[in-house]
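In: Can you look at this prediction? I've put the sequence above it.
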Amino acid sequence: MFAVQLIVSLFVHQVMSSGSGRHSLWALASYISGTTLFPEFSVVLMLDDVQVGYFDSELDRLMRVGRTGEEGAGLDLGQEAVFVLREMFSNMRKRLTLVKHCFNLTAGVHVQQRLTGCEMLEDRQPALIMFRDGSNGQDADSLLYNMTHFTFAGREGWEIQWDVMKKMYFQMLYSNVYLPFCVRTLRTLLDREKHLVMRQVRPRVRLITKQVVGGAQVTCLATDFYPRHINLTLMRDSQLVDEDVLSGGTVLPNGNGLYQVRKSLMVGDDELWRKHNYTCTTSHLSLDNRLEVSWRAEFSRSYRVHVISAPVGLMVAALLLLVLLWRRRRRSEGITMETQEQPEEAEL
């Protein structure tokens, strides 16, 4: 459950950054105690919404991911980056030990997870740094420092770790050490990978109609676009269709580093009779203007789908089979009679 919360947190921060000129660097870390097939400690490094690096306790080095032909090569961010990841490894191991002691956890597999990272403004000035911790799928505590104030939130039972002195220590540590380091690393990766995170890929937009019982389903589909922020709307006769009657709308990965989104509307037979004009309208950073795709509804028998019950369907099938056999038999009899009525050829 906490893994889902980590992803949601990362998604929310990324959506807030999209279109605002902000960029972010996030580390999603997991520490596992107990016997498993996974490394004891692993980290996925994300630049905005693109995975660029990987580290685990078995490799003990940062590896590049995401680029064809270079995946598996070292990701050179200096020895300081490896030191910070090793320090995170040690810190999360101690924290999980404390968790097991505080909550009397027995032997077995236990997991400590952390989302940590920073954001940078368009002018490359630091915006914030934060971490969020969880243990065994439960939210534990979080810290956020955004250059103007320092906040800490802890789950009940965790306050024993955070007295006034410790809060002051962490405020100084994050503002004077971790934030400058994180922003320096973010700038370095941004310069290296700007062709990935600053690219603009134009969406492919289609309007799809599908026959359904009692009418049709009209779907606006936009695929293969980047960045992920997009505005996709459905219009009926130049009037915006209320979002409450639409299904879908969640931006999803497309499996190739790009994104897709769809919104669907159920259109009944009565609406098809009125022959409305439906238009998909798309606004995206890659488009100079809005992109529109239209379709005019036409009521016809092709949009009326009838459901036949199983017994009736079997009777219809049997009747069609009898007709087919009867016609074949009549044809066979006609050929036989024609053969018999032909005169015999004269013998030479």
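Out: Arrived safely, thanks for sending. Numbering: from 1, shown residues only.
In: in the stretch 1-150 of the chain, which spans are helices?
Out: 2-17, 79-102 (DSSP state H, counting those that start in this stretch).
In: rank those helices by mean pLDDT and give me the bottom one.
Out: Among these, helix 2-17 has the lowest mean pLDDT, at a mean of 48.
In: Please list all residues in contact with the closest residue to residue 251 other than its chain neighbours.
Out: Counting by Cβ to Cβ, 6 or more residues apart in numbering, residue 251 lies nearest to residue 261, which is 4.7 Å off, once chain neighbours are set aside. Where you see a C-beta, it was placed from the backbone N, CA and C, and this is true even at glycine. By Cβ atoms under 8 Å, 6 or more residues apart in numbering, residue 261 lies in contact with 221, 222, 230, 232, 248, 249, 250, 251, 252.
In: What is the neighbour count of the spatially closest residue to the last one that is not a sequence neighbour?
Out: Take residue 252 and drop its neighbours on the chain: the residue closest to it by Cβ to Cβ, 6+ apart is residue 260, 5.6 Å away. In terms of burial, residue 260 registers 20 neighbours under the definition other Cβ atoms under 10 Å.
In: pretty sure residue 260 is in a strand, no?
Out: Yes. Counting by DSSP: H, G, I helix; E, B strand; the rest coil, residue 260 is part of a strand.
In: what is it paired to in the beta sheet?
Out: Judged by DSSP bridges, the bridge partners of residue 260 are residue 223, residue 252.
In: thinking residue 22 is in contact with residue 124, fair?
Out: No. Residue 22 sits out of contact with residue 124 when judged by Cβ atoms under 8 Å, with a separation of 10.4 Å.
In: what about the residue nearest to residue 252, distance to residue 210?
Out: Distance of residue 260 to residue 210, given as Cβ to Cβ, to the nearest Å: 17 Å.
In: likewise residue 117?
Out: In terms of Cβ to Cβ, residue 117 sits 42 Å off from residue 210.
In: what about those two, which has more around it?
Out: The neighbour count for residue 117 versus residue 210, taken as other Cβ under 10 Å, is higher for residue 117 (23 against 10).
In: Give the closest residue to that one in space, chain neighbours not counted.
Out: According to Cβ to Cβ, 6+ apart, the nearest residue to residue 117 is residue 26 (3.6 Å).
In: Check the gap between the one you found and residue 32 for me.
Out: As defined by Cβ to Cβ, residue 26 lies at a distance of 20 Å from residue 32.
In: Who has more neighbours out of the two?
Out: residue 26 (24 against 19).
In: Contact partners for the closest residue to residue 59 other than its chain neighbours?
Out: Distances taken as Cβ to Cβ, 6+ apart place residue 39 nearest to residue 59, at 7.9 Å, with adjacent residues excluded. For residue 39, the contacting residues are 32, 56, 57, 58, 59, by Cβ under 8 Å, 6+ apart.
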